[in-house]
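Visitor: How does the following fold in three dimensions:
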Amino acid sequence: MKLKPSSAIAALLLALTAAGRAQTVIRIVASNGDRTATQTAISKLLAAGWTFNGINGFTSSGGTLATATGANFGAWNGTWAGTPVVIKVSFSGALAGIAAVAGNTDQRFVPSNGANDGAVVNPLTTGTFETGKADFGFSTNFQSTSPFNGVFQGVTYSPVVEEVVGVSPLGFYASPGFPAAGANITTQLAQLLYTSGSVTLAQFTGDFANDANKIVYGLGRNTDAGQRFGAHTEIGLGTTKNVLVWYPAVTGTTTASGITYGGVAGSHELWPVSQQPGTFTVPLGSGGYSSGALLAQNLTVTLGPDAYKGKYFDDELQDFAFLYPDATAGYYIGYVTPGDAVNRVLGGNGVVPAANRGVALKYNGVELTDDNVRSGRYTAWVYNRILKPQSGLTGFKLTFADALRDQIKNVDAPSGGGLFDNDSFKVRRFTDGGLVIPK
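Guide: Residues are numbered from 1 along each chain as shown. Presented below is the predicted three-dimensional model:
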């Protein structure tokens, strides 16, 4: 049956309106440290019936939120304030978030629209992605700490609006078997570990008779990571100091409930230049993992003899040699947020068996607890901030950004181990790694 002209026009207008509404796409670039709280908040803002498709798989509002909170890249499909919306998320790093918003530069996102439209992969490391500009972002670093302030490498980065939505503690953790007697890392030990790449366990335990031949190796994050900047500034290395961290070759891992753990590091090498995801290329050994989840995963491994003895190829001898030929054991130490540590490193949800669980370290003799962070006794922490351009974010997208800000700040900041920055938080700081002072 043919439609009357007026009916046809009305149908066309309705279809165009629906299509236009379906085209409301919001793009967010953010730090890993903001992932859990942001994803949790989005799931609550969207109306019932939302779906999410990310690199961890597909889920719906009747499914498991952990699929979304554990995914660094993906897309939401749902309705907010009566408007159909697709929300593309790229948790590619705190510095990436600053650069994306301040520089208005093209970023990579998954091509999915958030429906169950096929498996998606990491857009930063594969050829399957779409490009777009971030509408707003999140970062665990001050813009003033970052290089994306003014003109940098030929790009002009404008000042952004930074609004605190919470606080993320950083913890230092060691791999399985690390002795309780040495479960404390000082500022000086952390500097030594990350500038030399390895230290003897005896420097942690004080037991040189038994632990001098047990070696501790450092693991770290890549150059786009706010956690790297936060940790490095906290221990006095600053933001530009090159470090020495390791790239383990692990076999025998197990994956359960979306968490990969365990296995044996049969060998490791200083972090290769060819394995450096991120904005900056740094020298051999100064790279790191692209997410806290990956770093946490490698804090559940056991080191094999070639790893803890530091096997390497000697160019002069044209043969393999060992940094520590008399070593009898070895461990990794790295830094992650409690959100990545509790379930992955410490086995808080029961997935990771006791034999594969790592060890939480005190920092300068102070245990990482919420109260110790709030009071200023524990100083390894960073702010979580929403970043908005000073102009250009208007209308529906600005209203959504403000709603997401308020949802995190007032409700979901503790997701993933974060804290509210409210009256219960008694201290503050004005730069990454800066002095912690009373409010």
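
Visitor: which residues touch Thr24?
Guide: Thr83, Pro84, Val85, Val86, Phe396 (CB atoms under 8 Å, 6 or more residues apart in numbering). Backbone N, C-alpha and C define where each C-beta goes, glycine included.

Visitor: Restrict those to the buried ones and give me that as a PyMOL selection.
Guide: This is how PyMOL selects the buried members of those, with burial counted by 16 or more other CB atoms under 10 Å:
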select buried, resi 84+85+86
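
Visitor: The contacts of Thr24 in strands, which ones?
Guide: Judged by DSSP state E, the contacts of Thr24 include Thr83, Pro84, Val85, Val86 as members of strands.

Visitor: Walk me through the domains of this protein.
Guide: Per automatic domain parsing, the structural domains of the chain span 10-168+381-438, 171-375.

Visitor: Save those as JSON lines, and put in mean pLDDT too.
Guide: JSON lines is the format used below for the domains of the chain (pLDDT from 0 to 100):
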{"stretch": "domain 10-168+381-438", "mean pLDDT": "91"}
{"stretch": "domain 171-375", "mean pLDDT": "94"}
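
Visitor: follow-up on the earlier one: can you tell me which of the contacts of Thr24 is nearest Gly49?
Guide: Distance to Gly49 across the contacts of Thr24 (CB to CB) is lowest for Pro84, with 10.7 Å.

Visitor: bridging residues for the closest one?
Guide: Thr79 (DSSP bridges).

Visitor: before we move on, back to that, which two from the contacts of Thr24 end up farthest apart in space?
Guide: Val86 and Phe396 (12.7 Å).

Visitor: ok so, going back, closest one of the contacts of Thr24 to Val359?
Guide: Val86 (41.9 Å).

Visitor: and the residue lying closest to that closest one once chain neighbours are set aside, what does it touch?
Guide: Nearest residue to Val86, sequence neighbours excluded (CB to CB, 6 or more residues apart in numbering): Val25, at 4.8 Å. Val25 is in contact with Val85, Val86, Ile87, Lys88, Gly132, counting by CB under 8 Å, 6+ apart.

Visitor: can you pull the contacts of the third one?
Guide: What it means is Ile87. Val25, Ile26, Arg27, Ile28, Ile42, Ala75, Trp76, Gly78, Gly114.

Visitor: want to throw the contacts of Thr24 into TSV with distance to Ser257?
Guide: Below are those laid out as TSV (distance: CB to CB, whole Å):
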residue	distance to Ser257
Thr83	34
Pro84	31
Val85	29
Val86	27
Phe396	36
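
Visitor: What is the nearest of the contacts of Thr24 to Tyr247?
Guide: Val86 (35.9 Å).

Visitor: pretty sure the closest one contacts Gly74?
Guide: No. Judged on CB atoms under 8 Å, Val86 makes no contact with Gly74 at a distance of 10.9 Å.

Visitor: which residue ranges form the strands in the stretch 101-250 of the chain?
Guide: Counting by DSSP state E, counting those that start in this stretch, residue ranges of the strands within the stretch 101-250 of the chain are 106-109, 130-133, 136-139, 150-152, 155-157, 160-169, 171-174, 184-185, 198-200, 214-218, 246-251.

Visitor: After the helix or strand containing Ile42, which helix or strand is next?
Guide: Assigned by DSSP states H and E, Ile42 belongs to helix 35-45. Following helix 35-45 in sequence order, the next helix or strand is strand 51-54 (DSSP H and E).

Visitor: Can you tell me which helices and strands the very next helix or strand once past that following strand packs against?
Guide: Downstream of strand 51-54, the first helix or strand assigned by DSSP H and E is strand 57-60. Applying 3 or more CB pairs under 8 Å, 6 or more residues apart in numbering; DSSP states H and E, one finds that strand 57-60 contacts strand 51-54, helix 66-69.

Visitor: Burial-wise, tell me which of those comes out on top.
Guide: Neighbour counts averaged per stretch over these are highest for strand 51-54, at a mean of 26; criterion: mean count of other CB atoms under 10 Å.

Visitor: List the strands paired with that one, with their directions.
Guide: strand 57-60 (antiparallel), strand 73-80 (antiparallel).

Visitor: Single out the most deeply packed of those.
Guide: strand 73-80 (a mean of 23).

Visitor: In PDB, list the C-alpha atoms belonging to it.
Guide: Below are the C-alpha coordinates for strand 73-80, written out as PDB (Å, rounded to 0.1, in the frame of the first residue of the first chain):
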ATOM      1  CA  PHE A  73      38.500  -0.200  25.100                       C
ATOM      2  CA  GLY A  74      34.900  -0.500  24.100                       C
ATOM      3  CA  ALA A  75      31.500   1.100  23.400                       C
ATOM      4  CA  TRP A  76      28.300   1.500  25.300                       C
ATOM      5  CA  ASN A  77      24.900   1.500  23.600                       C
ATOM      6  CA  GLY A  78      21.900   2.800  25.500                       C
ATOM      7  CA  THR A  79      19.600   5.700  26.400                       C
ATOM      8  CA  TRP A  80      20.300   8.700  28.600                       C
END
